[in-house]
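Participant: Turn this into a structure:
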Amino acid sequence: MSPKIASVPRHVLAALRKRNPASPCLPASDCGSARRRRQLALARRRYIYAPRGSVGHQLGRAPVSSRIPLAARYDWSWVGPYLPRLLDSVTQATRAWIDLGPQRRDARKVGLDDHAFARARVGGVNPLTIERVRALDDLRGRLDVSEDMWVRTLGTQARVRREIADQRLFIADYRPLACAQLHGSSRDLRFRERYLAAPVAVFREVRSAPRPRLEPVLIQLDQRDDLGVHPSAFAPSDGAGWRLAKLYVQNADVNLGVLGHHLGGCHALAEAFALSTPRQLSPRHPVYVLLEPHLAYSLAVNRAAHTLLTRPGSVFEQVYSGSLPMTRSIVARAHKRLASQPRSLAFDLERRGVTRYPLDYPFRDDAQLYEPALAHFVRTYLARFYCDDAAVRGDGELQAWAAELASPAGGDMTGLLPESQLRTREELSEVLARVLFVVGPLHAALHFAQPELLVEPDVYPAALFHPPPRHGEEVSASRISRTLPPRAVAIVQVLNNRIAEYRFDRIGDYRRYRLAHVPEAREAIVELTRSLRAIESTIAARNLTRVDPYTYLLPSRVPNSANI
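Facilitator: Model (predicted):
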């Protein structure tokens with residue numbers, strides 16, 4: 001089924017053609033430099049960073065705007081097509097829950113089978129946590145299980161060493177959730193209404209015919225306790241205990257994926273660029289024109305998210321496991337960690353040791369198709385404006401933009417711009433291509449998995465309502481039922497994710513924006529369009545042979561920006 005994408009109104013296209021704005025140009029080539037400086041001075045008064053630590057900024061070092069200029073807010077071209085889909089989503093959510101009914105819940109299959117559970121780590125709401133086990137000592141350092149449990153699930157030490165050497169062992173460690181807990185709070189939050197554990201799940205890759213697959217072999221429900229209390233651990237043969245353990249991993253995956261990688265990673269980066277770009281680059285700057293489609297409405301959606309993250313009783317407090325301060329801590333810590341990295345897909349895959357294995361990793365395989373296409377697009381476009389590296393170094397607006405993005409008081413993108421300046425065309429191309437990837441394909445993969453998967457709270461619970469069982473404690477089916485979200489909370493989770501299924505535009509479709517009407521951009525856009533068609537065909541062909549098709553990275557389903 002093709003995604004619903006807002007069509008471009010004819011009057012919008014006509015206005016763009018009629019307006020025929022002045023072609024983009026570098027500051028040194030602009031005869032209206034005085035006017036250009038006045039426009040930037042005005043923009044800096046409109047686009048303002050909220051002081052970190054103030055009432056209007058409670059996300060650590062992540063950039064947050066203090067107010068949203070009218071030009072950056074949602075307008076009718078976005079809202080108009082969304083309203084009927086919003087009403088339709090509400091109706092669907094209501095019908096789905098009525099059909100489900102409280103009397104049928106116990107009869108439903110709670111959680112995922114082992115295949116789907118493992119597949120969720122490489123193609124679900126959070127495909128960015130799984131990593132390869134590279135050393136026996138590292139694995140032992142993360143697990144706090146008895147020798148009997150170790151042998152029962154992983155095998156002998158010799159077997160583990162052999163499988164590590166063969167690159168067959170993988171781990172999903174949710175330690176960042178433990179680090180996000182507030183200072184002085186109980187390690188496992190057992191004395192709160194809701195519970196957010198930081199589990200560790202171990203997987204083994206089976207490479208026999210007909211298809212390679214990951215199999216879960218061990219789940220430890222939490223990190224090692226500071227007080228010496230051993231966390232409970234379960235194996236696939238443990239019946240109800242294993243089903244419950246998978247729910248705790250699912251819950252951790254949702255919280256780290258949605259709050260950490262999605263908000264703290266994609267949306268925080270979009271905020272940094274959506275603030276610094278109008279503050280430091282003239283609307284006539286070629287980089288401004290290039291980024292315009294990819295930053296559209298980012299400030300608007302981020303303002304809505306920040307409001308919900310600070311408002312008592314909001315959906316974040318109702319649906320997710322953490323209190324609002326803890327939820328904000330997950331976002332802030334994710335930004336701090338990711339902002340210090342170069343935000344390159346290749347870097348992330350190498351860091352986690354998953355460039356080649358596991359063999360079945362649909363997110364990785366499809367995401368890798370975008371990097372060369374976006375890099376070529378950006379490089380071709382910039383070549384029409386920057387004749388050499390000296391032109392990059394001599395661009396005062398560009399250098400001020402880079403400095404603000406890297407500044408701790410500005411965008412805090414220290415990993416993306418470690419030198420706080422741009423010296424070559426290649427450096428500029430790399431930065432821009434990575435931004436386009438994060439706010440486009442990466443955001444799409446993380447966001448649009450939510451309205452498809454999180455509408456099943458019994459499978460992907462955003463909050464759990466019973467503490468993890470202690471070591472040796474028996475697990476029953478009734479305990480699993482008590483652990484799942486109550487019906488009122490589950491309804492909010494379903495509705496909140498149903499309404500997120502909306503695509504305003506499509507990556508590479510710039511008809512709404514000035515970029516499509518810039519002569520210097522035509523060649524680059526034509527080549528990007530050709531590349532995106534090839535990517536669409538490649539992914540569609542792969543999905544024909546996959547047990548579970550992976551559709552989130554089809555270009556037809558990827559918007560230009562993180563606008564929802």
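
Participant: Now do the helices in the stretch 1-150 of the chain.
Facilitator: Across the stretch 1-150 of the chain, reading from the start of the chain, the helices by DSSP state H, counting those that start in this stretch fall at 10-19, 33-46, 76-100, 114-123, 136-142, 147-153.

Participant: Can you tell me which of these is packed in deepest?
Facilitator: Relative to the other members of the helices of the stretch 1-150 of the chain, helix 114-123 carries the highest mean neighbour count by mean count of other C-beta atoms under 10 Å, namely a mean of 22. All C-beta spots, glycine's among them, are computed from the backbone N, C-alpha and C.

Participant: between the helices of the stretch 1-150 of the chain, which gets nearest to V200?
Facilitator: Between V200 and these, the shortest separation by C-beta to C-beta is 5.5 Å, and it involves helix 136-142.

Participant: pLDDT-wise, which helix or strand of this protein ranks last?
Facilitator: Taking mean pLDDT, DSSP states H and E as the measure, the chain has helix 10-19 as its least confident helix or strand, at a mean of 47.

Participant: three-state assignment of I219?
Facilitator: Look at I219: counting by DSSP: H, G, I helix; E, B strand; the rest coil, its state is strand.

Participant: Quick check: it touching V200?
Facilitator: Yes - using C-beta atoms under 8 Å as the test, I219 is close enough to V200 to be in contact (7.3 Å).

Participant: residues bridging contact with the two, i.e. touching both?
Facilitator: Common neighbours of I219 and V200, counting by C-beta atoms under 8 Å, 6 or more residues apart in numbering, are absent.

Participant: Quick one, grab the pLDDT at the residue positioned nearest the centre of the chain.
Facilitator: Taking C-alpha atoms, centre = their mean as the criterion, H262 is the residue nearest the geometric centre of the chain, at 2.8 Å. We note a pLDDT of 98 for H262 in this prediction.

Participant: How about the contacts made by it?
Facilitator: Residues in contact with H262 (C-beta under 8 Å, 6+ apart) are 443, 446-447, 450.

Participant: again, but for Y320
Facilitator: 254-255, 258-259, 327, 462-463.

Participant: Quick one, which of those residues are buried?
Facilitator: The neighbour-count test (16 or more other C-beta atoms under 10 Å) applied to the contacts of Y320 identifies 254-255, 258-259, 327, 462-463 as buried.

Participant: From these, which land in strands?
Facilitator: Counting by DSSP state E, none of the members of the buried ones among the contacts of Y320 fall within strands.

Participant: Reformat these as a markdown table; add pLDDT and distance to V64.
Facilitator: Rendered in a markdown table, the data for the buried ones among the contacts of Y320 read as follows (pLDDT from 0 to 100; distance: C-beta to C-beta, whole Å):
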| residue | pLDDT | distance to V64 |
| --- | --- | --- |
| V254 | 98 | 23 |
| N255 | 97 | 21 |
| V258 | 98 | 18 |
| L259 | 98 | 15 |
| T327 | 93 | 15 |
| A462 | 97 | 23 |
| A463 | 96 | 25 |
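
Participant: Return the closest of the residues you listed with respect to L532.
Facilitator: V258 (26.8 Å).

Participant: Quick check: the gap between H230 and D166.
Facilitator: In this structure, H230 and D166 are separated by 30 Å, where distance is defined by C-beta to C-beta, to the nearest Å.

Participant: typed the wrong thing, it's A500
Facilitator: If you measure A500 against D166 using C-beta to C-beta, the figure is 40 Å.

Participant: Looking at these two, which one has more neighbours?
Facilitator: Remark: of A500 and D166, A500 carries more neighbours, 15 against 11, as counted by other C-beta atoms under 10 Å.

Participant: unless I'm mixing things up, that one is touching H447, no?
Facilitator: Yes - with contact defined as C-beta under 8 Å, A500 reaches H447; the gap is 6.8 Å.

Participant: what do those two both touch?
Facilitator: With contacts defined as C-beta under 8 Å, 6+ apart, the residues shared by A500 and H447 are I564.

Participant: quick one: contacts for P362?
Facilitator: Listed by C-beta under 8 Å, 6+ apart, the contact partners of P362 are 122-123, 542, 546, 548, 550.

Participant: again, but for S276
Facilitator: Here S276 is in contact with 401, 404-405, 410-411 (C-beta under 8 Å, 6+ apart).

Participant: Going along the chain from the helix or strand where it lies, find the next helix or strand for me.
Facilitator: Assigning secondary structure by DSSP states H and E places S276 in helix 268-280. Past helix 268-280, heading to the C-terminal end, the next element that is a helix or strand (DSSP H and E) is helix 286-291.

Participant: on that earlier part again, among the helices of the stretch 1-150 of the chain, which is nearest H285?
Facilitator: Comparison of the helices of the stretch 1-150 of the chain against H285 by C-beta to C-beta identifies helix 33-46 as nearest, at 8.8 Å.

Participant: Would you list the phi and psi of the nearest residue in space to H376 that is not next to it in sequence?
Facilitator: Counting by C-beta to C-beta, 6 or more residues apart in numbering, H376 lies nearest to E527, which is 6.6 Å off, once chain neighbours are set aside. When quoted as degrees, to the nearest 10, the phi and psi of E527 stand at phi -70, psi -40.

Participant: E527: neighbouring residues, count only.
Facilitator: When neighbours are counted by other C-beta under 10 Å, E527 comes out with 15.

Participant: wait, isn't it in contact with T380?
Facilitator: Yes - because the distance of 6.3 Å satisfies C-beta under 8 Å, E527 is recorded as touching T380.

Participant: Using PDB, write out every CA atom in the helix or strand hosting E427.
Facilitator: For E427, the enclosing helix or strand under DSSP H and E is helix 425-437. Extracted in PDB, the C-alpha atoms of helix 425-437 (Å, rounded to 0.1, in the frame of the first residue of the first chain):
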ATOM      1  CA  ARG A 425      34.300  21.600  -0.400                       C
ATOM      2  CA  GLU A 426      34.500  17.900   0.500                       C
ATOM      3  CA  GLU A 427      34.100  18.700   4.200                       C
ATOM      4  CA  LEU A 428      31.100  20.800   3.500                       C
ATOM      5  CA  SER A 429      29.600  18.100   1.200                       C
ATOM      6  CA  GLU A 430      30.100  15.500   3.900                       C
ATOM      7  CA  VAL A 431      28.400  17.600   6.600                       C
ATOM      8  CA  LEU A 432      25.400  18.400   4.400                       C
ATOM      9  CA  ALA A 433      25.000  14.900   3.100                       C
ATOM     10  CA  ARG A 434      25.000  13.600   6.700                       C
ATOM     11  CA  VAL A 435      22.300  16.100   7.700                       C
ATOM     12  CA  LEU A 436      20.100  15.100   4.800                       C
ATOM     13  CA  PHE A 437      20.500  11.500   5.800                       C
END
